[in-house]
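> What shape does this take:
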Amino acid sequence: MIERMPKLSGARARGKRRVRRRSHGTRVARVFGIFIGGAFAVHANPCSAEPKAKNGCVAAYEQAQVSRQDGDLLEAQQELVSCAGANCPDAMQADCSRWLGEVQVALPSVVFRVLTPSGADITDARVELDNQPERPLDGRAIVLNPGQHQVTVRAPHFTPVTLQLQFVEGQKLRQEALTLRPVVSSAAPPESPVHVPGPRSLPTQRHLTAVQWVGGGSAVVGVLGLTYFGLKARAGENDLDGCSPTCSRSAVADVKRNYLAANLSLSFGLVGLAVATLQYLAQGSVSASNTAAKHGVAAAPGTLHLELSPCFSGLSGSF
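The predicted structure follows:
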């Protein structure tokens, strides 16, 4: 029994040493595996990210050229900024950087200023470009693509203004001053004055009467007599100049009679003309008074009427 005890204790000691060796080997294997796995992970991630970054550079490189040809310089600028980054190949960076400078030079810019009719600035104005969301006007320049744009400017209590503006490449800090007019309040329009019709004037109907016909005829006869006897007296006077001083008394008497007839014709014609004129002028007043009496309208006070007829002539009036 005593001899077996040392043998058993030695076997146990050897077993413990074997277990310790196995556990240490396991620990070393685990640490080595973690180190190898970490190194693989570190090297594997850049390799997997590099193709994605390269594909993005190529897509931005190509899209920038397409957008630039289409005239969308703002989109081209964004793409060129992407392909000019440090993650892209050196050759691609050089092209994108050069093109980016050219696009930035070609992009036009505008500064809007909104004024009242008196010339004062409207500080709370907003602008809308091509139906895009409104942006406040703070005095800074707005960069946009070249070409035609629809611009709408609005401000509270003012009527908005919409216009078409053309911008060209390379046009920088273009000044555009827009005037807005205040909104007219919808107040009630002033009442139109009521028109009160005045007394209606009665129409005056005039007809040529016999007195007017006789007077007119007398004037015509007087003119004809004046012409005839006047010419005849003038001719006789010329004959007397030729025979003077041996002219006969009958020749002299004929000349005198012709001159007298001419004067009488002139007087007759003037009287006839005066009678016809007065009768014509007086006819309007007489017709108006008769019409007023017919319609029951009293004649205005202070009215004077002249009445002429073959049998009676006189003045009548109301005062």
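> quick one: low-confidence ranges for the stretch 101-250 of the chain?
Low-confidence segments of the stretch 101-250 of the chain (pLDDT under 70): 186-207.
> so where do the strands sit in it?
Counting by DSSP state E, counting those that start in this stretch, one finds strands in the stretch 101-250 of the chain at the ranges 109-115, 126-129, 135-136, 142-143, 147-154, 161-167, 174-179.
> quick one: contacts of the fourth one?
This points to strand 142-143. The contact list for strand 142-143 (C-beta atoms under 8 Å, 6 or more residues apart in numbering) reads 74, 107-112, 127, 129, 135. Any C-beta I mention is one placed from the backbone N, CA and C, and that applies to glycine too.
> Okay, and residue 86 sits in which element?
Following DSSP states H and E, one finds residue 86 outside all helices and strands.
> Start the count at 36 instead of 1 going forward.
Sure, I'll start counting at 36 from here, so that last one is residue 121.
> Name all residues that make contact with it.
residue 128.
> And the pLDDT for it?
Listed pLDDT for residue 121 reads 88.
> JSON lines please, covering the strands of the stretch 136-285 of the chain and showing mean neighbour count.
Listed next are the strands of the stretch 136-285 of the chain as JSON lines, based on neighbours: other C-beta atoms under 10 Å:
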{"stretch": "strand 144-150", "mean neighbour count": "18"}
{"stretch": "strand 161-164", "mean neighbour count": "18"}
{"stretch": "strand 170-171", "mean neighbour count": "12"}
{"stretch": "strand 177-178", "mean neighbour count": "15"}
{"stretch": "strand 182-189", "mean neighbour count": "16"}
{"stretch": "strand 196-202", "mean neighbour count": "12"}
{"stretch": "strand 209-214", "mean neighbour count": "14"}
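> how about those, which one is nearest residue 124?
Relative to residue 124, the nearest member of those by C-beta to C-beta is strand 177-178, separated by 28.9 Å.
> Give the pairing partners of the closest one; include direction for each.
Strand 177-178 has its sheet partners listed here by DSSP bridges as strand 144-150 (antiparallel).
> For the strand it pairs with, give me every contacting residue.
Strand 144-150 is contacted by residues 156-157, 160, 162, 172, 174-179, 186, 188, 190, 200, 202, 206-215 when judged by C-beta under 8 Å, 6+ apart.
> Specify which member of the contacts of strand 177-178 is nearest to residue 279.
Among the contacts of strand 177-178, and counting by C-beta to C-beta, the member closest to residue 279 is residue 147, at 106.7 Å.
> hang on, residue 162 packs against residue 169?
Yes. Applying C-beta atoms under 8 Å, one finds residue 162 in contact with residue 169, separated by 6.7 Å.
> list residues touching both of those two?
Applying C-beta under 8 Å, 6+ apart, one finds that residue 162 and residue 169 are jointly contacted by residue 189.
> For residue 314, find the nearest of the strands of the stretch 136-285 of the chain.
Between residue 314 and the strands of the stretch 136-285 of the chain, the shortest gap by C-beta to C-beta is with strand 209-214, which sits at 70.6 Å.
> angle of that closest one against strand 144-150?
Interaxial angle of strand 209-214 relative to strand 144-150 (axes from the mean of the first three to the mean of the last three C-alpha atoms, to 10 degrees): 20 degrees.
> Pull up the pairing partners for strand 209-214, direction included.
Here strand 209-214 is paired, per DSSP bridges, with strand 144-150 (parallel).
> relative to strand 196-202, how tilted is the strand it pairs with?
Taking the same axes, to 10 degrees, one finds that strand 144-150 is oriented at 150 degrees with respect to strand 196-202.
> Who are the contact partners of the residue nearest to residue 265 when sequence neighbours are not counted?
Excluding the flanking residues, the one nearest residue 265 by C-beta to C-beta, 6 or more residues apart in numbering is residue 297, at 4.1 Å. The neighbourhood of residue 297, defined by C-beta under 8 Å, 6+ apart, consists of 260-261, 263-265, 268.
> cool, and residue 216?
152, 193-194.
> Touching, residue 161 and residue 169? I think so.
Yes. Judged on C-beta under 8 Å, residue 161 makes contact with residue 169 at a distance of 4.4 Å.
> so what sits against both of these two?
residue 189.
> Most neighbours among the contacts of residue 216, which one is it?
Within those, residue 193 tops the neighbour count with 19 neighbours, counted by other C-beta atoms under 10 Å.
> That one touches residue 217, doesn't it?
Yes. Taking contacts as C-beta under 8 Å, residue 193 lies within contact range of residue 217: 5.9 Å.
> ok, back up a step: now the strands of the stretch 136-285 of the chain in TSV, with distance to residue 276?
As requested, the strands of the stretch 136-285 of the chain are exported to TSV (distance: least, C-beta to C-beta, whole Å):
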stretch	distance to residue 276
strand 144-150	95
strand 161-164	104
strand 170-171	110
strand 177-178	107
strand 182-189	99
strand 196-202	94
strand 209-214	91
